[in-house]
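Trainee: Give me a 3D structure for the following:
(2 chains)
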Amino acid sequence: MTIKRSITTGLFIIGTTAVLMAGDVTGKVSFSGTAPAAQRLRMDADKVCARAHKQAVLSEEVIVNKNGTLKNVLVYVKDGLAGKKVDAPKSKAILDQIGCIYTPRVLGVMVGQELEILNSDPTLHNVHTLSKANKPFNQAMPMKGMKLTKKFDKVETFKVKCDVHPWMGAYIGVFNHSYFAVTGDDGSFTLKGVPAGEYTVEAWHEKYGTQTMKVTVPATGAATVEFTFAGK
Amino acid sequence: MFEKRAQTPVELRNYSTYYLIFSGILFLATVWSVWDEVITRRPWKDYQNEYNRLLVAKLTEKRLEALNTIDSSEVVRLGNELAAARAAKESVEYREAVDKKDTLLRDLDIATREWRFARSRSDAAYYTYQKAIKEGRDAAREKAVVDKHDADIEQYFKEMEDLNKQIAALDETINRYRDEVMRLEVEHAALFSEVSALDLKLERARRAPVQIRQVVLNDFEFTPFQEIKARVDRCQTCHAGWAEPLMEDAPHPFAQHPLPELLSAHNPETFGCTPCHRGQGPALTVGFAHGYEDKFWETPLLKGVDVYATCNTCHSSESVLKHATPFTKAKQLIMENGCYGCHGVKGYDDMPKIGPPLNELLAKTTPEWIYSWVKEPHDYNPNSRMPSFEFTDEQAEAVTAYLVSISQESTYRPMRARGTYAGGSGAAGKRIFETVGCVACHVVGGNTTVRDARGTSYDIAPELTRLGSKVNPDWLFDWVKNPRNHNPEARMPSLRLTDAEARHIVAYLMSLNDTNAPDRRTLDLANPEKIAQGDRIIREYGCAGCHTIKGMENEGKVSVDLSDFGRKKVEQMDFGNTRELRKGSDVEYQENPDGTVSLLRTWSAWVYGKLKNSRLYKTDRIDQKMPVYNFSEEEIKLIRMFLLSMTRDVPLPTYQRTFDKRQQEIETGRRLTMRYNCMQCHNIEDRGGYVVPIYEEEAMGPPILTASQGAKVQEPWLYSFMKSPSTIRPWLDIHMPTFPLTDDEVTIVTKYFLGLSNQDLKLRDYSATPIDQKYFDPGRRLFETYQCARCHPSGPVRAGELTAAELAPDLTMAANRLKPEWIIDWLEDPQALQPGTRMPTYFFDGQGPDRTIFDGKADEQIQALKTYVWSLGRRQQTAQR
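Mentor: Here you go, the predicted structure:
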């Protein structure tokens, strides 16, 4: 027992040292070409949804930011982490249903991390995951303020939909590490504290698919990656 | 020589040279025999050693992985706490308590001892005292002694009690320290529990003995002499990893069995391996065990899809096996192609003929069309199930003459006056044809989605791409209105078309013309000789095996019985003029550039050649009558596997699946659903639903009939629905057509669905189900809170409310359609009953979302919802009355 303990402690120390030799991978996702005009979402079918919005609601499938970058792109380390171990964070990820829209539309979680799904609308939503590797679920949330807590145990990116409101859709990426990020209003992303080494970084967009890049994270300092998606 | 021998005394002769030579030979032979026994004939030892090495490597890897997933911060934290807890045991308080306890325990021992001595002394004094009384002496002195000892007892007992109390108090302190250490040790060990479990497995793998592993089946089957024969399977000696999930992707022979779910019903530890895989069970070298090197072994290991052939030895009465898709597909091929029309096929001899009756052909088509069809059906419909008989012009003409002659005696009359068909719109007809459900069975033009989903080389219903050049419109109108008017046994259902709709359809289909019109040759059809020749040909080629033909009602099967074909010897097979492929050739069948075919001389190659081209073995002397099929490569192999399964070797009943009443009912139902092509639209038993891919949304297609269908709908409802379908999902374009099922056939369907749900047909008055007032009101409130009506509208659906695919059936139908128990199961977990359904789960961990009703208790809330839903239709009925 003592030997085992000291080995484990040793591994832990080595692990910690490796993590210390790490840097951030930063970059941005640009968009070229013309973006499709965003469709207006018709929410007349549910008055609660329609009333929640004062202005016209547009589809969030493709959002090109003012600086010519693409929003809602999931960027993550795809390959190169073999043997490097990351504990699941204790914090929860959150997926909210507000105004009959999923917020955020794209999010990443770690295997074993808790995902809290909220219903902030006084109407019926059902959360229907279309996952393949993880066991799919379809659960009703008929009341405002309801919470669901879920965990995923397989690496996969899948869609979540609501059958009551066909326009609603979100995407969840499940990873076995914490090096993932979703681009926001400025199209940039940061993968924090990636251990030094060589990696394949992938960017995924619900409409435009995936792109990969090779990146080397030096022992000290940071690395940058740039992606460009073209409109079709 | 003899003389010399006589002269030399025995003891003087020297044999040492011979002795040396022979002992040398003996020595070498001994060495060889030991070598052969231990090394040459035991290659399995190497396999097992290799397997154990592999297992140890995998376990070590897994152990390292497990070690890595342990939360290292947790290990450090617990380690620190444990060290602290252990250190705490060095504290003054603990040590003083322990020391004090030791002293007290010593005192307790002394007190206990003194207490016992006092009791003994008291007993002795008491005796003296009693003796004095008996002897009539004054016993006062003795009494005083007794009392003194009793006082001692009392005093020591108190002392003991006092000490015990003090010790207990100390124990509390001591245990506080000890428990803390123990708790942390357990927690610490729990972190390593997976690792320790793997350590145990590793230890076992390292110590695993190298030995023969065998399964003995004492009473598996009969010998040809009807004696019970045992089987011994030693396959697991080399295939050591068959049950080890770690060996999932290991190389052969160490890999895990690819179908663990299949093994749950056929445990190799009690069922052996050779009953399914064949091969020579007791042999211990690869070639002999697999049976290929032993030329006298009749049943070598089955390869590829052929392994499913052995399913039939026990499951011959079943046509669907859950874990054996190739087996199920093979049986489908046999049934759909009507092999039993010409051949005896055990278990299928009473199946109905697959082709249409040919007695009234002139009512729908022309003699020219009949002629060209008889000559080569695939010219008109390349995917027709009808095979090609490769008739000469003369033979085709004779067959046509016979069919035309019987047709002239027909009494068929259309239900409406001739000409009623006219006036439809082709465009409207096309729209109806494509939405109402015709496309589920019939292919038109390039739209082959359903054919592709089906994946067979033949269509189950005729392609209609050139129908305009085949049929006359009067017949077509009559046929689409009600197929059974022309053919009382027609399998095509009625789509309940109005006259106007039928006219549109006729207009559309008649516009589909064949560009290459049938041969306009003059046919000599009235000639009695021709008719007689046609009669002969039809009998000889067994047309009546698939078709009802007037005058041929008593024809038997024209070809060989296949019931023991799997055991036919290659020596009994005639390879005709084909060339022979060398033994050990990579391929078994090869088409040569000069048009000839080369084959291996094996059972397997012969069957392949026959199914590829049934006239392959034709010679000048030997004619071949089996028609030519267009089977795909996959289909040929599946049919061949089925033929391989046709043997009379059957294991003893204990090894067979019991084919009880329920199984029989299920099987009868399967055959009926196959006959009426239910699976073109519905997915039943995870098969079929071929029409669904034409819809963008799966929910817009016909519903899946899951295994719970029998538990879902009420039998009286199913009866009336099958007799005359009513609308359940008004938003669907495709309609359930009316199959003119007889009452018996409806019962078969009902029992089939019930059987799949493990239920029996019982008479039950569903309307007698009481409405429990306790649940009614909460049910109504829950129905509102849970917003059930959002997807389950009652009354007409307003356009634009929701897209059609999101809608769910009107719940006012529930009381007459659904079984109350099923509503409960459905509400509990819809996904379990129908994976992928849009109906969400409301109840988790025994709780419903609304905690104000029945304290959120799921089972109570479900009862309430069921009661309310059940009441919806009932109130409507009452109101109507």
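
Trainee: Give me the secondary structure label for residue 28.
Mentor: This is for chain A. With DSSP: H, G, I helix; E, B strand; the rest coil as the basis, A:Lys28 sits in strand.

Trainee: what pairs with it across the strands?
Mentor: Counting by DSSP bridges, A:Lys28 forms beta bridges with A:Ser188, A:Glu226.

Trainee: quick one: low-confidence parts of chain B?
Mentor: Scanning chain B for pLDDT under 70 picks out B:1-8, B:515-521, B:794-806, B:875-881.

Trainee: Do you have the helices of chain A handy? List them.
Mentor: Per DSSP state H, chain A carries helices over the ranges A:2-20, A:47-51.

Trainee: So what touches the last one?
Mentor: For helix A:47-51, contacts defined as CB atoms under 8 Å, 6 or more residues apart in numbering or on different chains pick out A:Met43, A:Asp44, A:Gly99, A:Cys100, A:Asp121, A:Pro122, A:Thr123, A:His165. To be clear about C-beta, it is placed using only N, CA and C from the backbone, and glycine gets the same treatment.

Trainee: And the pLDDT at the third one?
Mentor: According to the predicted model, the pLDDT of A:Gly99 comes to 91.

Trainee: Which residues are in contact with it?
Mentor: Applying CB under 8 Å, 6+ apart to A:Gly99 gives the contacts A:Cys49, A:Ala52, A:His53, A:Val57, A:Asp121.

Trainee: mind checking how far A:Ala35 is from A:Ala181?
Mentor: Using CB to CB, to the nearest Å, A:Ala35 is found at 22 Å from A:Ala181.

Trainee: More neighbours: those two, which one.
Mentor: Neighbours were counted for A:Ala35 and for A:Ala181 using other CB atoms under 10 Å in any protein chain shown; A:Ala181 has more, 19 against 14.

Trainee: Counting neighbours, what do you get for the residue nearest to that one when sequence neighbours are not counted?
Mentor: Using CB to CB, 6 or more residues apart in numbering or on different chains and skipping the chain neighbours, the partner closest in space to A:Ala181 is A:Phe189 (4.0 Å). When neighbours are counted by other CB under 10 Å, A:Phe189 registers 24.

Trainee: Just say helix, strand or coil for B:Leu643.
Mentor: Of the three states, B:Leu643 takes helix according to three-state DSSP.

Trainee: from the stretch 551-700 of chain B, which residue is nearest to chain A?
Mentor: Ranked by CB to the nearest CB, the top residue of the stretch 551-700 of chain B for proximity to chain A is B:Ala699, at 9.1 Å.

Trainee: For that residue, grab phi and psi.
Mentor: Here is the backbone geometry of B:Ala699 (degrees, to the nearest 10): phi -70, psi -10.

Trainee: Pretty sure it sits against B:Arg838.
Mentor: Yes: here B:Ala699 reaches B:Arg838: they are 6.6 Å apart, a contact under CB atoms under 8 Å.

Trainee: how far away is B:Asn613 from B:Leu643?
Mentor: Distance, B:Asn613 to B:Leu643, by CB to CB: 16 Å.

Trainee: Looking at those two, which has the bigger crowd around it?
Mentor: Set B:Asn613 next to B:Leu643 and count neighbours by other CB under 10 Å: B:Leu643 wins out with 24 against 15.

Trainee: Give the burial count for B:Ala363, as a bare number.
Mentor: Other residues lying near B:Ala363 total 18 when counted by other CB under 10 Å.

Trainee: Pretty sure it sits against B:Trp475.
Mentor: Yes: with contact defined as CB under 8 Å, B:Ala363 counts as touching B:Trp475 (5.4 Å).

Trainee: if I look at these two, which residues touch both of them?
Mentor: Contact criterion CB under 8 Å, 6+ apart; residues shared by B:Ala363 and B:Trp475: B:His486.

Trainee: In chain A, what helix or strand scores lowest on average pLDDT?
Mentor: For chain A, using mean pLDDT, DSSP states H and E, the weakest element among its helices and strands is helix A:2-20, scoring a mean of 48.

Trainee: residue ranges for the helices of the stretch 51-200 of chain B, please.
Mentor: Counting by DSSP state H, counting those that start in this stretch, the stretch 51-200 of chain B has helices at residues B:72-88, B:92-134, B:140-191, B:193-207.

Trainee: Which other helices and strands does the first one contact?
Mentor: Using 3 or more CB pairs under 8 Å, 6 or more residues apart in numbering or on different chains; DSSP states H and E as the contact test, the elements touching helix B:72-88 are helix A:2-20, helix B:140-191.

Trainee: Any stretches of chain A with poor pLDDT?
Mentor: A:1-21, A:83-85.

Trainee: ok, back up a step: number of residues surrounding the residue of the stretch 551-700 of chain B closest to chain A?
Mentor: 21.

Trainee: got a list of what the residue lying closest to A:Val111 once chain neighbours are set aside touches?
Mentor: Spatial nearest neighbour of A:Val111, chain neighbours left out: A:Asn176 (4.9 Å); criterion: CB to CB, 6+ apart. By CB under 8 Å, 6+ apart, A:Asn176 lies in contact with A:Val86, A:Met110, A:Val111, A:Val155.

Trainee: if we go to 10 Å?
Mentor: Neighbouring residues of A:Asn176 by CB atoms under 10 Å, 6 or more residues apart in numbering or on different chains: A:Leu81, A:Lys85, A:Val86, A:Ala88, A:Met110, A:Val111, A:Gly112, A:Asp153, A:Lys154, A:Val155.

Trainee: what's the answer for B:Asn554, then?
Mentor: Residues in contact with B:Asn554, defined by CB under 10 Å, 6+ apart, are B:Ala544.

Trainee: Assumed it was part of a helix.
Mentor: No: B:Asn554 is assigned coil when assessed by three-state DSSP, not a helix.

Trainee: buried sites along the top strand by length along chain B?
Mentor: Longest strand of chain B, by residue count under DSSP state E: strand B:215-222. The neighbour-count check on strand B:215-222 (16 or more other CB atoms under 10 Å in any protein chain shown) flags B:Val215, B:Leu217, B:Phe220, B:Glu221 as buried.
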